[in-house]
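**Q** Pasting the sequence and the predicted coordinates here, then a few questions.
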Amino acid sequence: MTSKLATLRGLIQELRYAVPDASLKNNLTYQYIMSQYRKFNTTDQQLCRAKEEMDFIAKTFLCYLKSARLSYEIQDEFHGKGERTVAETARMVGFKLPHDPK
């Protein structure tokens, strides 16, 4: 049960990243996710194939949302800034240039 709750919290967190300025209570995606979680709510003693399927779909959707967000972050960081100096490129990949002797 904790795994399913963690998945739900992860989905809500990713929705907050996607729509940072709006309230989630009025968001249709949030309302749909919550209605699906309530619809397929079962106890641990019940065996429900649809519940397991919905858990798999929720985890897959969470993985998709995280991957898309991280992909955009990586693209923003490394793409489209034009020519960089050698020092900027070295700093970007975690290296330091040796100091120039004077």
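**A** Cool, the structure landed.

**Q** alpha carbons only for contacts and neighbour counts from here, please
**A** OK.

**Q** Need the pLDDT of the most centrally placed residue in the chain.
**A** The residue lying closest to the centre of the chain (CA atoms, centre = their mean) is Lys66, at 2.2 Å. Per-residue confidence at Lys66 stands at 94 (pLDDT).

**Q** I am assuming it contacts Leu15, so please confirm or correct that.
**A** No. Contact criterion CA atoms under 8 Å: Lys66 and Leu15 do not qualify, at 9.9 Å.

**Q** Next one: Arg84 from Glu77, what distance?
**A** Separation of Arg84 from Glu77 (CA to CA, to the nearest Å): 13 Å.

**Q** Could I get the full set of helices for this structure?
**A** According to DSSP state H, the chain carries its helices in the segments 2-18, 28-39, 49-78, 86-93.

**Q** what's the angle between the shortest one and helix 49-78?
**A** Going back to what we said before, that points to helix 86-93. 160 degrees (axes from the mean of the first three to the mean of the last three CA atoms, to 10 degrees).

**Q** For helix 86-93, give the mean pLDDT please.
**A** 83.

**Q** which outside residues touch that helix?
**A** Lys96, Leu97 (CA atoms under 8 Å, 6 or more residues apart in numbering).

**Q** CA atoms only for that helix, dumped as CSV, please.
**A** Only the C-alpha atoms of helix 86-93 are listed here, as CSV (Å, rounded to 0.1, in the frame of the first residue of the first chain):
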residue,chain,number,x,y,z
VAL,A,86,37.0,26.4,-23.3
ALA,A,87,36.7,27.4,-19.6
GLU,A,88,32.9,27.3,-19.7
THR,A,89,32.9,23.9,-21.4
ALA,A,90,35.4,22.5,-18.8
ARG,A,91,33.3,23.9,-15.9
MET,A,92,30.1,22.4,-17.4
VAL,A,93,31.5,18.9,-17.4
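
**Q** quick check, distance from that helix to the centre of its chain.
**A** Relative to its chain's centre, helix 86-93 lies at 28 Å (CA atoms, centre = their mean, to the nearest Å).

**Q** same deal with the longest one?
**A** Distance of helix 49-78 from its chain centroid, counting by CA atoms, centre = their mean, is 6 Å.
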